[in-house]
Each structure stands twice: as structure tokens, then as C-alpha cells.
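Enquirer: give me the fold of what follows.
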Amino acid sequence: MIGFLTLLKREIVRFLKDALDTIVPPTVGVILFMLIFGLALGARLGEVDGVPYIQFVMPGLILISVIRNSFMNPAYSLFQSRWEGNIADFLVSPLSHTQIALAIILGGVLRGLIVGALVLCAALFLTDLPFAQPVLLFIYALAVSVGFAGLGCIVGLWTKGWEGVNTVNTFVLDPLVMLGGVFYSLEMVRGVPIIEPLTALNPLTYITEGFRQTVLGGSEAQMLTGLGLTLALGAICVGAALVLFRVGYHLKA
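Expert: Predicted coordinates for the structure are as follows:
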């Protein structure tokens, strides 16, 4: 476990020592979303699903911060290690491929949760959040961060250039997030061409809605559906990352 904890410490120190690049910008970016969509537009939009619009968007914005930072940390860290060649130092150590993969994934999980916690603290200055299911909320956030950290690990192995991570972020992650019910409900886009079917088919819509229910309260079924999708995502992405490490996919590239 000493080697595993040392590698995990490396992943944590990696983003903490450059907090002005890794922690502050994404936190400030989401806070700006809160100010624009929550305060500036919230008063004009009134209530959504029975709550003020600013409360409606807050859980989704917290989730965005967890998703993006959990994904970006292992994606960039792993590709950088491959690019610079120091991945070989991990591979010749006594650590198993599973331990290496899990340490990298856990580094992403911690970064995602740290940024999510900072965004949550900022949200509390802007509005009241009831935290209907605090334990389930934490489990939800943890499961989401594990899933997207696993996805980041896969992308970090797959990409052959720095632009690969940004490509996935731009053409996969951003559309999923923006069409995932963060800024609107399904009722708000009912009958809207293209947007309604894309939102309804987007699994992140149900994950976001379930997380929103843990914060604001509401349907138990929505919470469980979203949590089920989140756990499935985590199992698939982490499982795939472990398999790719075991077969040595691009580890010597």
C-alpha cells in the first residue's frame, strides 16, 4: 500500500500545487454561471418545478464542477505521463496495473469533490439549499466523480495528442452537460424541436435530475433512477479503465 498511497499523493499534489490553474479557474467559471443564470436571469424566469430558478440551477452547476474536474485530472495526468515517458517508472515498480489505475482515478475523484465543495460553499452565499437527502447527495457526488474519473482515465490512455482530451471535452462532455437539464427542465423544452428529444435521450438528464432531488427534495423514483445510471456509468468506465491498463493499451506509446 505504500507505493499505491505514494502514487495517489503524487496525483493530489499535482493539482494542489497548481491550484491557480486547476482549482481556481473552474470554480470561478461555475460561480459566474451562478451569477448570470441564477441572479441575473433567475428573477425573470420565476419558479421552475415549484422552486426559484436560482435554486433549480444550483445542483446542476455543482454537478458540472464535479464532472469536469473529475474527468480532466486523470485525462491530462495520464496522457502527460505517457507523453513524457515517466509512465515507465510506474510500470516497472512493484505496483500492479490495478493499483496504478485506481490511484490515478482517485486523484481525479478528489479534485472533482474539492471543486464541487468549493462551488457548493459559493452557492450557499447566493441562495438557501435545503439538502433534502445529505447522505444520498454525497453518495451521488462520489459516484459521479468516480464514473467521470474513470472516463478521464480511458481518454488519457486513448488520446495520441494534447488535443484529444479537449476534443472529447468539447464534442462529448459539453453537449451532454448543456443538454442534460442543468439550466432547464424537460417541461420547459416540451415541444421544442431537436432540444426535447436530445434532452430526453441524454442519460445525464436523469443523473442531473436525481442529484437535484437529493438537494431540493422531490420524487424518490427520480433519485433512484439517476443513482442507478450513475453507478452503472461508474462500473462501466472504471471497469474499462482497469481492463485497458491490464492489457497495456497505449502504456508504452
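Enquirer: which parts of the stretch 151-253 of the chain are helices?
Expert: 162-168, 174-178, 195-201, 203-216, 220-247 (DSSP state H, counting those that start in this stretch).
Enquirer: out of these, which is closest to residue 144?
Expert: For residue 144, the closest of the helices of the stretch 151-253 of the chain is helix 220-247, at 5.5 Å, according to Cβ to Cβ. Placement of C-beta: from N, CA and C, glycine included.
Enquirer: angle of the closest one against helix 203-216?
Expert: Per axes from the mean of the first three to the mean of the last three Cα atoms, to 10 degrees, the angle that helix 220-247 makes with helix 203-216 is 120 degrees.
Enquirer: starting at the chain centroid, how far to helix 220-247?
Expert: Helix 220-247 sits 13 Å away from the centroid of its parent chain (Cα atoms, centre = their mean, to the nearest Å).
Enquirer: buried stuff in it?
Expert: Neighbour counts over helix 220-247 (16 or more other Cβ atoms under 10 Å) mark 222-223, 225-227, 229-231, 233-234, 237-238, 240-242, 244-245 as buried.
Enquirer: could you say what helices and strands it packs with?
Expert: Using 3 or more Cβ pairs under 8 Å, 6 or more residues apart in numbering; DSSP states H and E, the elements in contact with helix 220-247 are helix 97-126, helix 134-158, helix 203-216.
Enquirer: now it against helix 97-126, angle please.
Expert: Using the same axes, to 10 degrees: helix 220-247 against helix 97-126 is 150 degrees.
Enquirer: could we number from 58 for the rest of this?
Expert: All right, first residue 58 from here; so that's helix 277-304.
Enquirer: so for helix 277-304, mean pLDDT?
Expert: Across helix 277-304, pLDDT averages out at 90.
Enquirer: for the helix or strand containing residue 85, packing partners?
Expert: Mapping residue 85 onto the secondary structure by DSSP states H and E places it in helix 81-90. The contact analysis (3+ Cβ pairs under 8 Å, 6+ apart) places helix 81-90 against helix 110-141, helix 154-183.
Enquirer: let me know whether residue 214 touches residue 297 as I believe.
Expert: No. Residue 214 is not in contact with residue 297 according to Cβ atoms under 8 Å; the separation is 9.7 Å.
Enquirer: contacts for the helix or strand harbouring residue 66 next, please.
Expert: Residue 66 belongs to helix 59-73 when assigned by DSSP H and E. Identification of contacts with helix 59-73 by Cβ atoms under 8 Å, 6 or more residues apart in numbering yields 79-80, 130-131, 134, 147, 150-152, 156-157, 159-161, 163-165, 167-168.
Enquirer: before we move on, what about stretch 254-271?
Expert: Outside of stretch 254-271, the residues within contact range by Cβ under 8 Å, 6+ apart are 113, 116-117, 119-120, 189-191, 193-194, 197-198, 201, 233-234, 236-239, 241, 243, 246, 275-277, 279-284, 286-287, 290.
Enquirer: if we use 7 Å, what do you get?
Expert: For stretch 254-271, contacts defined as Cβ atoms under 7 Å, 6 or more residues apart in numbering pick out 116-117, 120, 189-190, 193-194, 197, 201, 233-234, 236-239, 243, 246, 276, 279-280, 282-284, 286-287.
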